[in-house]
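Student: Take this sequence and fold it.
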Amino acid sequence: KVKWIFENVPGIRKRAENGEILFGTVDSWLIYKLTGNHSTEPSNASRTLLYNISTGDWDSEILKELKIPQAILPRIIPSSGNFGKTRKDLFGKEIPVTGVAGDQQAALFGQTCFENGSVKITYGTGCFTLMNTGKVPVFSKNKLLTTVAWDIGKGREYALEGSIFIAGAVIQWLRDELKIIDTAPLSEKLALSVKDTGGVYFVPAFVGLGAPYWDPDVRGTIVGLTRGTNRAHLVRAALESIAFQSKDLINAMEQDVNSGVETVKADGGASLNSFLMQFQADLLNKPVILPQIAETTALGAAYLAGLYTGYWENTDDVKRNWQARKKFSPSMKEGQRKKMLKMWTRAVETAEGFKPL
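Tutor: Numbers count the residues shown, from 1 in each chain. A predicted model of the protein is given here:
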């Protein structure tokens, strides 16, 4: 986008050379409006394709190739750092801005996933799974994204990330398009009204499949329908599809780091669905833990800010502040789990085999 602007907007390069033009991510725009400082931090900078996640600075080779002057880019400081103070005319006094991070990275921090291999899943319209990989970036062999997680002033820490395009959105589709449920919370009651899906598997690839498949041409597919299939079976299969896709991501991450995940922390709107959380624990064969404070992205930003100002002494102090609200323990028999996972794989293969000509 920046390259296009420089090539297509008359006079923009000259203005950039004169210091009249700045470019950055949303966080840097907010920081600039609040404080007058043009700054960002590593987790946001790493999403620009202009940042070198290994060196921790803007990539001079990429900038040269795209002919983008580095002078327009924000200064990069730690995620827990001094971004300046808000203008007095905004809130009546100056307020320090000391915690900034990308959405999912902040949620990872808000879930206190500070150790190597710790994982959180955010269940929203889409679904985002992140694993802390520590001080060394792990470059995925399973089509996952390697990103900076944060820098709390002690050097960059990294994460693996996998994105699912359609998660809670599949329930919205059942509600708004098929109109077989009136409200999203009703999905849990309907799912529990039947003992299983009756052999139905739902691959909600409405806009293709995200990680770890990355296949934009796949389309939504429902398999296993019989004359006895009813709306409860469809709703249950839709909810189960969210957990199946998340299981695929966890598998990919475990392969990339050559180590198993012990527990998974969950947040986001769909995590309020207890049927989904229990089924997720059963599929993963691992406990799924929900936090006391559901807004983990905001909590993560607050933790980052508090660490810099000294409100929290260190990450151990932050972990003591974090509290679990509920824990879902796996209870599914191994044979049933393996059978369901095999059938899910077959359903995905069926969807991949039926693409538009």
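
Student: Quick check, L49 in contact with I62.
Tutor: Yes - assessed by C-beta atoms under 8 Å, L49 is found in contact with I62 at 7.2 Å. For every residue, glycine as well, the C-beta is placed using N, CA and C.

Student: Those two - which one has more neighbours?
Tutor: Taking other C-beta atoms under 10 Å, L49 and I62 do not tie; I62 has more neighbours (14 against 9).

Student: For the more buried one, which residues are in contact?
Tutor: Contact analysis of I62 by C-beta atoms under 8 Å, 6 or more residues apart in numbering lists L49, L50, N52.

Student: buried ones in the host helix or strand of it?
Tutor: Assigned by DSSP states H and E, I62 belongs to helix 60-66. Using 16 or more other C-beta atoms under 10 Å as the test for burial, helix 60-66 gives L63.

Student: State the next helix or strand along the chain beyond it.
Tutor: Next helix or strand after helix 60-66 toward the C-terminus (DSSP H and E): strand 75-76.

Student: Can you tell me what sits against that following strand?
Tutor: Identification of contacts with strand 75-76 by C-beta under 8 Å, 6+ apart yields N37, H38, S39, T40, E41, P42, A45, Y51, G56, D57, W58.

Student: And for the fourth one, the neighbour number?
Tutor: Per other C-beta under 10 Å, the neighbour tally for T40 reads 27.

Student: Repeat that for the last one.
Tutor: For W58, the tally of surrounding residues (other C-beta under 10 Å) stands at 18.

Student: starting at the chain centroid, how far to stretch 332-339?
Tutor: 28 Å (C-alpha atoms, centre = their mean, to the nearest Å).

Student: any idea of the mean pLDDT for that stretch?
Tutor: Across stretch 332-339, pLDDT averages out at 97.

Student: Next: stretch 249-258.
Tutor: Taken as a whole, stretch 249-258 has a mean pLDDT of 97.

Student: Stretch 123-134 now?
Tutor: Across stretch 123-134, pLDDT averages out at 96.

Student: Kindly report the same for stretch 305-323.
Tutor: Averaging pLDDT along stretch 305-323 gives 97.

Student: Put the alpha carbons of that stretch into CSV.
Tutor: Output of stretch 305-323 as CSV, limited to C-alpha atoms (Å, rounded to 0.1, in the frame of the first residue of the first chain):
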residue,chain,number,x,y,z
ALA,A,305,1.6,-0.7,31.3
GLY,A,306,1.7,-1.8,34.9
LEU,A,307,5.1,-3.5,34.5
TYR,A,308,6.7,-0.4,33.2
THR,A,309,5.3,1.9,35.8
GLY,A,310,6.1,-0.5,38.6
TYR,A,311,2.5,-1.4,39.6
TRP,A,312,3.6,-5.0,39.0
GLU,A,313,7.1,-5.9,39.9
ASN,A,314,7.6,-8.6,37.4
THR,A,315,5.8,-11.3,35.4
ASP,A,316,5.6,-13.5,38.5
ASP,A,317,3.7,-10.7,40.1
VAL,A,318,1.4,-10.5,37.1
LYS,A,319,0.8,-14.3,37.2
ARG,A,320,-0.3,-14.0,40.8
ASN,A,321,-2.9,-11.4,39.8
TRP,A,322,-4.4,-13.6,37.0
GLN,A,323,-7.2,-15.8,38.1
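
Student: outside of that stretch, which residues touch it?
Tutor: Applying C-beta under 8 Å, 6+ apart, the contact partners of stretch 305-323 are 80-82, 96-99, 111-112, 114, 152-153, 291-293, 303.

Student: D217: which of those is nearest?
Tutor: Nearest to D217 among these, counting by C-beta to C-beta, is Q111 at 33.9 Å.

Student: Which residues are in contact with that closest one?
Tutor: The contact partners of Q111, taken as C-beta under 8 Å, 6+ apart, are K120, K265, D267, P291, T296, G300, W322.

Student: Among those residues, which are located in helices?
Tutor: Among these, the ones falling in helices (DSSP state H) are T296, G300.

Student: Reformat the contacts of Q111 as CSV; add neighbour count and distance to A159.
Tutor: Below are the contacts of Q111 laid out as CSV (neighbours: other C-beta atoms under 10 Å; distance: C-beta to C-beta, whole Å):
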residue, neighbour count, distance to A159
K120, 27, 10
K265, 24, 13
D267, 25, 15
P291, 22, 18
T296, 27, 14
G300, 28, 12
W322, 16, 18
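
Student: Can you tell me which of the contacts of strand 75-76 lies closest to D103?
Tutor: Within these, proximity to D103 (C-beta to C-beta) peaks at E41, which comes in at 13.0 Å.

Student: who's in contact with the lowest-mean-pLDDT helix or strand in the chain?
Tutor: In the chain, no helix or strand scores lower on mean pLDDT, DSSP states H and E than helix 12-17, which sits at a mean of 90. Helix 12-17 has contacts (C-beta under 8 Å, 6+ apart) with I5, F6, I21, P69, A71, I72.

Student: send the alpha carbons of it over as CSV?
Tutor: Listed next in CSV are the C-alpha coordinates belonging to helix 12-17 (Å, rounded to 0.1, in the frame of the first residue of the first chain):
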residue,chain,number,x,y,z
ILE,A,12,3.9,12.5,-1.9
ARG,A,13,7.6,11.5,-2.0
LYS,A,14,8.7,15.1,-1.9
ARG,A,15,6.5,15.7,1.1
ALA,A,16,7.9,12.6,2.8
GLU,A,17,11.5,13.9,2.2
